[in-house]
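Colleague: predicted model and sequence below, questions to follow.
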Amino acid sequence: MRTIAIAALLALPPAVAWGQAFDFTPAQFQERFNRQLKADEGDLLRACRPEKAAIACTFEDAKFQRSVQAFKELNLVNGRFELKSRVLIEQAGGKVATIAITGDRSSPMGLFHFAGQMGSLMRSFDPALTSQQAAAKVSELGVMRGDADRTIGTPKLAIENYAAIECTSWPSSRSTSVGCVFRPRY
């Protein structure tokens, strides 16, 4: 999959236009996020590499595939599922300016996994946030919206003490992508 800048991906203005950044480097972010993913028993960031205007990170998928297998054993899903989630990091002055997490809602397995990754990302910023609180915030941001939702295609915004978070999912006729952008809040 070809990487494009976060702003273009989610049709949002680029973060570097604001000149703000979080108070951590991309490596520190990766360490922080992986620590929370591990605590939440999720798949860790596997590989991060520069790509155009961002650093693109993929996830391991062993735990994702184990959950797929468990659903198959219950006869709840059938077929092959690919983890399409990734993280894109934009920098300003060596610090993280924007974090985008993208996924795919073409299968329930991919969407459920993306929602879990979003919760872990929120909890990496706010360790006091419980799993249930993170799940409620993910829901408020419309991550689980389907085509029948009147607001599909409309970004939803949450202002938290650690970041401004904007999430968008589109009608399936346009794309099955879902994505959220975390920006510094000062």
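Modeller: It's in. It should be emphasised that the depicted structure is a prediction, and the values quoted were computed from it without experimental measurement.
Colleague: which parts of the chain are strands?
Modeller: With DSSP state E as the criterion, the chain has strands at 45-51, 54-59, 86-92, 95-104, 156-159, 164-169, 177-183.
Colleague: may I have the shortest one as CSV, with CA atoms only?
Modeller: Spelled out, that is strand 156-159. Included here for strand 156-159 are C-alpha records, laid out as CSV according to Å, rounded to 0.1, in the frame of the first residue of the first chain:
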residue,chain,number,x,y,z
LYS,A,156,-15.8,13.3,14.8
LEU,A,157,-13.7,15.3,17.3
ALA,A,158,-12.8,14.8,20.9
ILE,A,159,-10.7,17.2,22.9
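Colleague: and that strand, how far out from the chain middle?
Modeller: The chain centre lies 14 Å from the centre of strand 156-159; the measure is CA atoms, centre = their mean, to the nearest Å.
Colleague: note down every partner strand of it and its orientation.
Modeller: Counting by DSSP bridges, the strands paired with strand 156-159 are strand 164-169 (antiparallel).
Colleague: restrict the partner strand to CA atoms and write it as PDB.
Modeller: Output for strand 164-169, consisting of C-alpha atoms alone and laid out as PDB, is shown next (Å, rounded to 0.1, in the frame of the first residue of the first chain):
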ATOM      1  CA  ALA A 164      -7.200  16.700  20.100                       C
ATOM      2  CA  ILE A 165      -8.400  13.500  18.300                       C
ATOM      3  CA  GLU A 166     -10.300  13.500  15.000                       C
ATOM      4  CA  CYS A 167     -11.700  10.300  13.500                       C
ATOM      5  CA  THR A 168     -13.200   9.600  10.200                       C
ATOM      6  CA  SER A 169     -14.700   6.500   8.500                       C
END
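Colleague: pretty sure K156 is touching A164, no?
Modeller: No: with contacts counted by CB atoms under 8 Å, K156 stays clear of A164, the gap being 11.6 Å. The C-beta positions use only the backbone N, C-alpha and C, and glycine is treated the same way.
Colleague: if we can go back for a sec, turn the strands of the chain into JSON lines, including mean neighbour count and mean pLDDT.
Modeller: Supplementary listing: those in JSON lines, determined by neighbours: other CB atoms under 10 Å; pLDDT from 0 to 100:
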{"stretch": "strand 45-51", "mean neighbour count": "14", "mean pLDDT": "90"}
{"stretch": "strand 54-59", "mean neighbour count": "21", "mean pLDDT": "94"}
{"stretch": "strand 86-92", "mean neighbour count": "22", "mean pLDDT": "94"}
{"stretch": "strand 95-104", "mean neighbour count": "23", "mean pLDDT": "94"}
{"stretch": "strand 156-159", "mean neighbour count": "14", "mean pLDDT": "94"}
{"stretch": "strand 164-169", "mean neighbour count": "22", "mean pLDDT": "94"}
{"stretch": "strand 177-183", "mean neighbour count": "25", "mean pLDDT": "95"}
